[in-house]
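Asks: Sequence and predicted structure are below.
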Amino acid sequence: MTTKQPDPLKALVDIISSQTAVLQSTYAQNDSVFPSLDTSFQPTALEFDPNATAARNLIIAAATQLIATVQSPIEFVANSMGGVYDTVTLGLVVDINVPEILKEAGTRGLHVDQLASATGVDSSYLSRVLRYLTTRHVFREVSPDIFTHNRLSSLLTKAKSLKEIEEDPDARFDNAPIAATVHMGSTQILNSSTALISFIKNPQQASAPFNIAYKTSQTMFEWMEESGNEIAARVFTAAMKNNDGNPPETYTSSIQGETLKPNDTIVDVGGGTGSVTLALHKAYPKLRYVVQDLDQQIAAAKKFWDEKDAEAIRTGQVQLQVHNFFKTQPIKDAAVYFLCVVIHDWSDEDARKILNNLRPAAGAHSKLVLYEMVAEHIAENHAGAPYPLLPDYAGAGFFTILDLAMLSFYNGKERTREEYAKLGRESGWQLEEVKPGKLTALIFTPI
Ligand SMILES: C[S@@+](CC[C@H](N)C(=O)[O-])C[C@H]1O[C@@H](n2cnc3c(N)ncnc32)[C@H](O)[C@@H]1O
């Protein structure tokens with residue numbers, strides 16, 4: 001006897017309806033209501049609440065699958081093809097400071113003609129761009145051609161007033177990781193992506209799509225160190241601050257500083273400004289830290305630590321060191337060497353070189369920790385997805401976007417757990433433990 005599968009459309013709607021009730025009751029239990037799309041984004045702890053997050057993920061997976069099911073396939077493909085305009089319209093409004101202008105205009109909003117005169121962009125173009133975004137729930141048209149912020153668009157604002165932006169335009173993305181990411185998306189990512197098809201069909205022609213698009217043999221990191229590309233480097237540094245929003249347990253649960261001795265050393269390899277080290281230093285102030293990166297990033301790191309914790313640098317508890325991770329690691333026998341979202345930037349061959357260079361420095365008790373967004377096969381059912389969702393139920397996960405961005409920039413990749421284990425084995429490291437979290441921690445010991 002065959003059991004009849006329930007109607008998939010009804011099953012999807014049931015998931016949406018039951019999980020919406022869970023979401024609303026989670027907010028009600030916290031004397032709160034689920035925020036309206038029409039209000040500005042004010043993050044609360046509920047944004048990261050595990051019950052709310054689980055319900056949200058199920059609703060998103062079901063709603064996405066419902067659209068894919070009910071929409072005419074012809075329309076679905078046409079809409080997907082147009083996704084590039086999400087990137088460019090977001091990039092344009094962020095570039096010409098529309099979010100800041102609307103923020104300063106207040107809740108009544110501004111007519112597109114006023115926006116045009118404030119930005120210097122023709123109003124007929126601007127109204128079409130804003131119509132595109134408004135249709136996709138970014139900004140709100142309160143009456144014809146009068147636009148204001150909503151929950152999604154409010155996130156695009158930079159951490160500066162218009163006056164501050166005018167006074168120092170080069171610094172406009174500092175401390176605004178979301179706006180910086182959008183800017184990178186509409187510049188380096190978009191430009192590199194134009195060479196993706198050609199690169200995939202003939203990977204021998206260059207190291208990565210970025211190299212074809214920018215007509216350079218340098219890696220994007222080397223290119224950013226060149227004079228003339230300082231702003232790109234500065235925006236990249238700002239975009240990397242997205243990691244600052246990760247809860248400290250993302251890092252502390254794998255470093256386990258409480259099990260280490262005072263002055264044991266933690267090395268943050270390719271650490272950027274050292275924002276992960278800052279979180280660790282707060283949790284374990286008695287340990288010693290070394291943040292390593294290339295010149296430009298260490299210069300940015302000096303400013304960052306001046307603002308955040310100058311004392312840690314003064315006492316030498318945190319050291320900032322220019323070091324190229326393609327050379328042998330100078331800090332011997334550290335308790336932990338960690339690389340946070342670094343290995344995904346590199347091809348297998350380069351990733352092996354980076355990990356190999358750490359191996360001779362490691363002592364018998366040294367650990368290697370990689371923090372990465374681990375890729376999954378869509379057909380792997382880790383999360384027990386309810387019928388009829390995809391087995392990994394959040395199949396359109398952000399890691400697939402990041403994966404193609406890494407391919408476009410550096411021929412890098414998001415790897416599965418097995419791929420990380422293999423990479424480790426081939427470079428002298430045994431994968432011992434995997435800790436899930438906002439970023440997954442992959443913990444290795446020397447072989
Ligand atoms: C994706 S960022 C991650 C930064 C930091 N770990 C974080 O989580 O915010 C990659 C970092 O690798 C650094 N990097 C690239 N090539 C390098 C090299 N050859 N030696 C040392 N660092 C390098 C970049 O400058 C950048 O700061």
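Replies: Everything's here; your move.

Asks: Now do the contacts for whichever residue of the stretch 51-200 of the chain sits closest to the ligand.
Replies: Residue nearest to the ligand within the stretch 51-200 of the chain (CB to the nearest ligand atom): residue 177, separated by 10.0 Å. Yep, even glycine has a C-beta here, placed from its N, CA and C like the rest. Applying CB atoms under 8 Å, 6 or more residues apart in numbering, one finds that residue 177 lies in contact with 238, 239, 240, 241, 242, 244, 245.

Asks: Most neighbours among these, please name it.
Replies: Sorting the contacts of residue 177 by how many neighbours each has (other CB atoms under 10 Å) puts residue 238 first, at 26 neighbours.

Asks: Could you pick out the residues of the stretch 101-250 of the chain near the ligand for me?
Replies: The stretch 101-250 of the chain has residues 221, 240, 243 near the ligand, with proximity defined as CB under 6 Å from any ligand atom.

Asks: Could you report the pLDDT at the first one?
Replies: Same thing as residue 221. Per-residue confidence (pLDDT) for residue 221: 91.

Asks: Wait, a strand at it?
Replies: No: applying DSSP: H, G, I helix; E, B strand; the rest coil, one finds residue 221 to be helix, outside a strand.

Asks: That one and residue 293 touch, don't they?
Replies: No: taking contacts as CB atoms under 8 Å, residue 221 lies outside contact range of residue 293: 9.4 Å.

Asks: if you count what's nearby, which of these two comes out ahead?
Replies: residue 293 (26 against 18).

Asks: ok so, going back, show me which of the contacts of residue 177 is closest to residue 157.
Replies: Nearest to residue 157, judged by CB to CB, of the contacts of residue 177 is residue 238 at 13.6 Å.

Asks: so the closest residue to that closest one other than its chain neighbours is in which element?
Replies: Spatially, and ignoring its direct neighbours in sequence, residue 238 is nearest to residue 180 (3.7 Å; CB to CB, 6 or more residues apart in numbering). Using DSSP states H and E, residue 180 falls within helix 177-184.

Asks: Repeat that for residue 166.
Replies: helix 162-167.

Asks: Mind listing what's buried along that helix?
Replies: Neighbour counts over helix 162-167 (16 or more other CB atoms under 10 Å) mark no residue as buried.

Asks: helices and strands around it, which ones?
Replies: Judged by 3 or more CB pairs under 8 Å, 6 or more residues apart in numbering; DSSP states H and E, helix 162-167 is in contact with helix 98-105.

Asks: by how many degrees do the helix it packs on and helix 177-184 diverge?
Replies: 140 degrees (axes from the mean of the first three to the mean of the last three CA atoms, to 10 degrees).

Asks: Restricting to C-alpha, output helix 98-105 in PDB.
Replies: These are the backbone C-alpha positions of helix 98-105, laid out as PDB (Å, rounded to 0.1, in the frame of the first residue of the first chain):
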ATOM      1  CA  VAL A  98      20.300  58.300  -0.500                       C
ATOM      2  CA  PRO A  99      20.000  56.500   2.800                       C
ATOM      3  CA  GLU A 100      21.600  59.400   4.700                       C
ATOM      4  CA  ILE A 101      19.600  62.000   2.900                       C
ATOM      5  CA  LEU A 102      16.300  60.200   3.700                       C
ATOM      6  CA  LYS A 103      17.300  59.600   7.300                       C
ATOM      7  CA  GLU A 104      17.900  63.300   7.800                       C
ATOM      8  CA  ALA A 105      14.600  64.100   6.000                       C
END
